[in-house]
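*Asks:* Quick check, what structure comes out for this input:
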Amino acid sequence: MNVNQSAPPVPPFGQPQPVYPGYHQSSYGGQPGPTAPHIPYGAYNGPVPGYQQTPPQGVSRAPPSSGPPPASTAQAACGQAAYAQLGQGDVQNGPSSTVQMQRLPGSQPFGSPLAPVVSQPAVLQPYGPPPTSAQVTAQLAGMQISGAAAPAPPPSGLGYGPPTSLASASGSFPNSGLYGSYPQGQAPPLSQTQGHPGVQPPQRSALPLASSFTPPSSGGPRMPSMTGPLLPGQGFGGPPVSQPNHVSSPPPQALPPGTQMTGAPGPPPPMHSPQQPGYQLQQNGSFGPARGPQPNYGSPYPGAPAFGSQPGPPQPLPPKRLDPDAIPSPIQVIEDDRNNRGSEPFVTGVRGQVPPLVTTNFLVKDQGNASPRYIRCTSYNIPCTSDMAKQAQVPLAAVIKPLARLPPEEASPYVVDHGESGPLRCNRCKAYMCPFMQFVEGGRRFQCCFCSCVNDVPPQYFQHLDHTGKRVDAYDRPELSLGSYEFLATVDYCKNNKFPSPPAFIFMIDVSYNAIRTGLVRLLCEELKSLLDFLPREGGAEESAVRVGFVTYNKVLHFYNVKSSLAQPQMMVVSDVADVFVPLLDGFLVNVNESRAVITSLLDQIPEMFADTRETETVFAPVIQAGMEALKAAECAGKLFLFHTSLPIAEAPGKLKNRDDRKLINTDKEKTLFQPQTGAYQTLAKECVAQGCCVDLFLFPNQYVDVATLSVVPQLTGGSVYKYACFQAENDQERFLSDLRRDVQKVVGFDAVMRVRTSTGIRAVDFFGAFYMSNTTDVELAGLDGDKTVTVEFKHDDRLNEESGALLQVAGQRQGPGRKCGMSVSGYKKAAGKRVRSGERGLAEELVTSIDVAETNVFFYPRLLPLTKSPIESTTEPPAVRASEERLSSGDIYLLENGLNLFLWVGASVQQGVVQSLFSVASFSQITSGLSVLPVLDNPLSKKVRGLIDSLRAQRSRYMKLIVVKQEDKLEMLFKHFLVEDKSLSGGASYVDFLCHMHKEIRQLLS
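*Replies:* Okay, the predicted model is just below:
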C-alpha cells in the first residue's frame, strides 16, 4: 500500500502555486506569463514591463461628460505608457490619488480581446514618481479587510482551466463581469454558495481583466473602468446568467474619497484533484449541506481571479486539515492493482515476486512455484534472521487452499502416476520430488532442496542432464517443471493399506415441533428430491458414486431402510440415546439411482408422519454418534448434514444448559460464553476425524442456542456451520436452499492428512483452520472442500541463506468421491501468507479461521458500491468507494457486501424515477425497510441492480441475504456498523484517527 504524504505547508502569497491544475501562474486563460521578483510592494500604478506595451485593439471608453477631454493621447506622446497598455498581471493596490475610477455603462459594447502576450524579461519600472512611505501608509490605513461569503459556483464552461469552479476576486467588486463602485458605507452584495468540502486552498489575489483607462480630471480616486472578453453565461453589464444565488447589485456610484474598501483577497476556487478511477467527489459530511469556509480564510466576493498580482499584506497561515482523499486508500490500491496487473498473466517462476491482489482478476502461468490460488503468503521476502523478523513485526505465514477452484482458462493440476513404486521422495525428510531438487553425478543422484540429503535416483526414473545441469526431460514431467501437481498414490499411502470405499452422505433431520411449525421439514424434503441428482462426481463419471442415508430425530432417533427392493421405506426407532447404535446395515446407505422410488416415497411421508408432533426437546450428540457409527459400519468416509433447531436439553450425552446470561456481558467472564460448555463434543470430534466423518451443521434457532459448543464438531472435522435465526420458510427459503445446494454439490475430499515441509532455517509452528491435529506436524481433515483454507505460521530456527532463500512444500493425501487415493504437492519459493485472526465472536470465529484471503478481505473491509454513478448500460461492477459515512450521499443508492450480508442503502433524496424503477413505489417513504427481495421489474436499472446482486452472491461461498436500509431508519445503525473507516458505536478510533496516531508515534520515535 502506498502511503501518501501530507500536503506541504501553504507557501506565502505571491509565490508560484503549482498545486492547482488548470491555472497558470501570472496569466489568464491558460497562457504562461512572466515571474516577477518577490518584493513586499511594487510601485503604485506601475506596470510590469514583461507584457507587450502596445495599445489593445478595439473600442475604448469615452470619459464622462462632466470630465475633461481624454488625456491618454497626451500621456502617450510624452513617452509614458497608458493605463490601457498594462499587462494582465497589473493591479492597483489601494486607492490612488491620481487615478479617477468610474464604472462603465452597461450598454457600451465590449472591446476586442487583447493581442497575444509576448514574454519579456520582467523588470519592475515605476509609472510616474513612486509614492512616499507616508502615502503608502495612508493608503493602507484607508483599506479595511473583512470576510464575506464563500465563493460562488462558476458559470458553466469557463474558458480556462478545468470547468469546475470560478475563482474569487479581491477588493470590493460585485459579482459581475464589469467592476463598479458602491455608495459610501455600502458593502458589495454577498453570494451565498456552498464550498467544496475538501481542504481549503491558500488565498490569492485576484487577476484583473484587461482594462481601458480614462485619466481623471479632478476629485477623489475612482474605480478604473474595465473591459474584457465576455465570460460564458455572462451578459453585457451584468453578472453571469447561469450563476445561482445572485444578489442584484445597487446602482453604481462613484466611490467618495476616504471610503473604506471591504473584502479581502479570497482563496481561489477549490480545485478538484485528478479523480481516481470511478471515484466521485462527495460532500464532506453526513447528508447535510456542504461545509462553509474554513477558519482563517477570508471569504471573498466572487469574481475573476488575480493570479500573479502584487502580494498583499501578510496573512496568517490557515490551520492544517487532513484531506480524507489524501490519506492511504485501500480502494485506490485495489483499483491500481486491477489496472496494472489484471491484463497480463502472473508467471510464478520469478523468485520473490508478489502476486496480484485477490481482488484482481488474473491468470496464472505455472513455471515452478505454486499458484497463489493454492498458496498465498504474507511476505514474499523473508528476513534472514529471527531478530530482523521481530523488528519487521510482520507475521510470516502462508494461507493454503489445496482444493481451490480455478477459472476455466487455467488447467487443473496434472496427475502424475509413478506406478507401483509410488512418488519419488527424499529418504531423510520425505519431501516429494519438485523442480528445486538438484540432480548431480550425471543424473544418478539428487540433492534434496529441503534437508540437503543426497539420494539415489531409481533406475526407472534415471535421465541424462543437459549442459545446465537439468534433466533433459524436465519439461515433460510436471513434478520437475510445475509448482502444483498431483501424485496418484499407491495402496501404501491409504488407511489400513487398502483402497477406500466410495463416501456416503447422511441427511439427519430435526422433526421436533419447531422444525415442523416453521415449514423447514416440508421445504427440505421437497428440495432433496431434486438435489440428490447433483451429488458430486469424480472426473467425467456419468453418475455419482456417493451413497445416501436418512435419519430423523427429536428425543429419539429414527433410521430408515430405503433398499431398492422395498416397496415402501421402513422406519426403525432407537430410543436408547445414551448408548446409540445402528439398527441396520443393509439398506441404510444406498445408491440414489437404484433406490430413487423408495427415497421419493420417504421424503413425501416424513412431513406427514410428524405433522402433529408436540415434542419440543431434542438431542444432538447422539445424532452425530449414530451417523459416525453408520459410516464406521459401512467402512467408508463421508459427511453428515445436520438440520437442527434448538438447544439440546433432552436427557442424553451432550446435554446443554441455557447460559445466555446478560449480566456477564462486558465483564471478565463474558469470554466463557464463547467457549464450549463441555469437553464431550471435543472427544466426539476426535472420533469423527479418525473415521473420516465430516459434519455440516444447519441451525434454525428461534431462541438461544449455544453455537460455541455445537460448532466444535463441525470445526474440528473440516465442516461448516450455517445459521438462520428465526427461520420462516416463505422469507428465508432462498437463502437456505442456495446454501444447501452449494454445500451438497461442491467438490470435497475425505479422510485427508496434510503436512507442511520447510527448508533449513524456518519451521511451521502454528496452524489455523477447520481441522484436527493429534501431533505437531500432521493436519488431519475428516473433510476438505474448495472453500476451506489452512493457515500456517512460520518462525526462524536458523539463519537463512540469501542465495537459496526459503522453500515451502505442502503435501497431503485425500480420498475423493469415487476415486482411490490422491496426493497433491505444492511448492513455493520465498514462502509466507496472510494470518487470519479471529476478530469476531460466535459464528464469525468459526468462519474467519477457515475462509480464504478473498473472503477475509471483504469481511474485514466491506465493499461499498454506488449504484447510480455508473451508466445504466454498463455491464461491469461499479467502482467501490471508501467504507465511510462521509462517502454517502442522500441522493444516491449504495450496495454494501461483507461476504455474509448485502445491504442496499437508499438515500432520502433519491430521485423519484429511481425509486419507481427499483422498488415499484411512488416515493421514498413507501419503500419497505428491511425488504429482502427486490421486485422483478422490466427496466434497465432494475435488471442492472439485480444482476449485480446475483454476481456478488456467485463470488462468495455463502448466500448473502439482502437487506434494504432507508436513510435515518432504525436499520441504519446495523448498516453503519460495517462502515469500518468510521468510529465504531462501542468506541475506538476511526481510520483517520488511527493514521494520525501512528504518524505521531513515528515522529516521536524519529525525534
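*Asks:* And Ala326, how far from Leu584?
*Replies:* Between Ala326 and Leu584 the distance is 71 Å, computed by C-beta to C-beta, to the nearest Å. Heads up, the C-betas are built off the backbone N, CA and C, glycines and all.
*Asks:* So for the closest residue in space to Ser481 that isn't next to it in sequence, what's the pLDDT?
*Replies:* Using C-beta to C-beta, 6 or more residues apart in numbering and skipping residues adjacent in sequence, the residue nearest Ser481 is Tyr475, 5.0 Å away. As predicted, Tyr475 sits at a pLDDT of 94.
*Asks:* Tyr475: neighbour count?
*Replies:* Under the neighbour criterion other C-beta atoms under 10 Å, Tyr475 is assigned a count of 11.
*Asks:* Secondary structure element for Met628, which one?
*Replies:* Assignment of secondary structure by DSSP states H and E places Met628 within helix 621-634.
*Asks:* Am I right that Asn857 falls within a helix?
*Replies:* Yes. When classified by DSSP: H, G, I helix; E, B strand; the rest coil, Asn857 is found to be part of a helix.
*Asks:* Tell me who's in contact with it.
*Replies:* By C-beta atoms under 8 Å, 6 or more residues apart in numbering, Asn857 lies in contact with Val358, Thr359.
*Asks:* Name the SS class of Lys639, please.
*Replies:* strand.
*Asks:* swap that for Thr791, please
*Replies:* In the three-state summary, Thr791 is assigned as strand, counting by three-state DSSP.
*Asks:* so how far is Pro395 from it?
*Replies:* Between Thr791 and Pro395 the distance is 10 Å, computed by C-beta to C-beta.
*Asks:* Compare these two and say which is more crowded by neighbours.
*Replies:* In this comparison of Thr791 against Pro395, neighbours counted by other C-beta under 10 Å, the higher total goes to Thr791 at 26 against 18.
*Asks:* Name the helix or strand for the spatially closest residue to the more buried one that is not a sequence neighbour, please.
*Replies:* With C-beta to C-beta, 6+ apart as the measure, Phe768 is the residue that lies nearest to Thr791, at 4.2 Å, once sequence neighbours are left out. Counting by DSSP H and E, the secondary-structure element that holds Phe768 is strand 762-769.
*Asks:* Same question for the lengthiest strand in the chain: list its buried residues.
*Replies:* Criterion DSSP state E: the longest strand present in the chain is strand 748-758. Under the neighbour-count criterion of 16 or more other C-beta atoms under 10 Å, strand 748-758 has Val748, Gly749, Phe750, Asp751, Ala752, Val753, Met754, Val756, Arg757, Thr758 buried.
*Asks:* Check which strands are paired with it and give the direction for each one.
*Replies:* When sheet partners are counted by DSSP bridges, strand 748-758 sits next to strand 778-785 (antiparallel), strand 807-815 (antiparallel).
*Asks:* what angle separates it from strand 762-769?
*Replies:* An angle of 150 degrees separates the directions of strand 748-758 and strand 762-769 when computed by axes from the mean of the first three to the mean of the last three C-alpha atoms, to 10 degrees.
*Asks:* angle of strand 748-758 against helix 621-634?
*Replies:* Relative orientation of strand 748-758 versus helix 621-634 (the same axes, to 10 degrees): 90 degrees.
*Asks:* For strand 748-758, the averaged confidence score.
*Replies:* Looking at strand 748-758 alone, the average pLDDT works out to 93.
*Asks:* what are the C-alpha coordinates of it, in CSV please?
*Replies:* This file holds the C-alpha atoms of strand 748-758, laid out as CSV (Å, rounded to 0.1, in the frame of the first residue of the first chain):
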residue,chain,number,x,y,z
VAL,A,748,-14.9,-32.4,-1.4
GLY,A,749,-12.1,-34.8,-0.2
PHE,A,750,-12.4,-37.1,2.8
ASP,A,751,-10.0,-38.5,5.4
ALA,A,752,-7.2,-36.3,4.4
VAL,A,753,-3.8,-35.8,6.0
MET,A,754,-1.6,-32.8,5.2
ARG,A,755,2.0,-31.9,6.1
VAL,A,756,4.0,-28.8,5.6
ARG,A,757,7.7,-29.1,5.0
THR,A,758,10.2,-26.2,5.0
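*Asks:* Quick one: neighbours of Ile327, just the number.
*Replies:* Applying other C-beta under 10 Å, we find 17 other residues in the vicinity of Ile327.
*Asks:* and it, backbone torsions?
*Replies:* Ile327 has phi and psi values of phi -80, psi 160 when expressed as degrees, to the nearest 10.
*Asks:* if we can go back for a sec, name the strands paired with the strand holding Phe768 and say parallel or antiparallel.
*Replies:* Under the criterion DSSP bridges, strand 762-769 sits next to strand 790-796 (antiparallel) in its sheet.
*Asks:* List the buried residues in the partner strand.
*Replies:* Using 16+ other C-beta under 10 Å as the burial criterion, the residues of strand 790-796 that qualify are Val790, Thr791, Val792, Glu793, Phe794, His796.
*Asks:* got it, and stretch 451-466?
*Replies:* Residues of stretch 451-466 classed as buried by neighbour count (16+ other C-beta under 10 Å): Asn455, Val457, Tyr461, Leu465.
*Asks:* Same question for stretch 668-687.
*Replies:* Leu673, Pro676, Gln677, Thr678, Ala680, Tyr681, Leu684, Ala685, Lys686, Glu687.
*Asks:* helices or strands next to the helix holding Met628 in the packing?
*Replies:* Counting contacts by 3 or more C-beta pairs under 8 Å, 6 or more residues apart in numbering; DSSP states H and E, helix 621-634 packs against strand 504-510, strand 547-553, strand 557-561, strand 638-644, helix 680-691, strand 693-699.
*Asks:* Format the ones you listed as a markdown table; extra columns: mean pLDDT.
*Replies:* Converted to a markdown table, those look like this (pLDDT from 0 to 100):
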| stretch | mean pLDDT |
| --- | --- |
| strand 504-510 | 97 |
| strand 547-553 | 97 |
| strand 557-561 | 96 |
| strand 638-644 | 97 |
| helix 680-691 | 95 |
| strand 693-699 | 97 |
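*Asks:* picking that back up, what angle do the helix holding Met628 and strand 693-699 make?
*Replies:* Going by the same axes, to 10 degrees, helix 621-634 makes 150 degrees with strand 693-699.
*Asks:* quick one: average pLDDT of helix 621-634?
*Replies:* The average pLDDT for helix 621-634 rounds to 96.
*Asks:* Likewise for stretch 857-873?
*Replies:* Per-residue pLDDT values across stretch 857-873 average out to 91.
*Asks:* How far does it stretch from one end to the other?
*Replies:* From the first residue to the last, stretch 857-873 extends over 29 Å; the measure is C-alpha to C-alpha, to the nearest Å.
*Asks:* Give the burial count for the residue nearest to Asn898 when sequence neighbours are not counted, as a bare number.
*Replies:* Leaving out its chain neighbours, the residue that sits closest to Asn898 by C-beta to C-beta, 6+ apart is Pro862, at 4.0 Å. Other residues within reach of Pro862, judged by other C-beta under 10 Å, total 22.
*Asks:* how about Pro862, what does it touch?
*Replies:* Contact analysis of Pro862 by C-beta under 8 Å, 6+ apart lists Ala883, Leu896, Glu897, Asn898, Phe978, Leu979, Val980.
*Asks:* so of these, which ones are in strands?
*Replies:* Using DSSP E, the subset of those located in strands is Leu896, Glu897.
*Asks:* what about burial for the contacts of Pro862, which qualify?
*Replies:* Restricting these to buried positions leaves Ala883, Leu896, Glu897, Asn898, Phe978, Leu979, Val980, with burial counted as 16+ other C-beta under 10 Å.
*Asks:* Same list (those) but as TSV, adding pLDDT and distance to Gln353.
*Replies:* Shown next, in TSV, are those (pLDDT from 0 to 100; distance: C-beta to C-beta, whole Å):
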residue	pLDDT	distance to Gln353
Ala883	94	30
Leu896	97	33
Glu897	96	30
Asn898	93	30
Phe978	94	34
Leu979	94	35
Val980	93	30
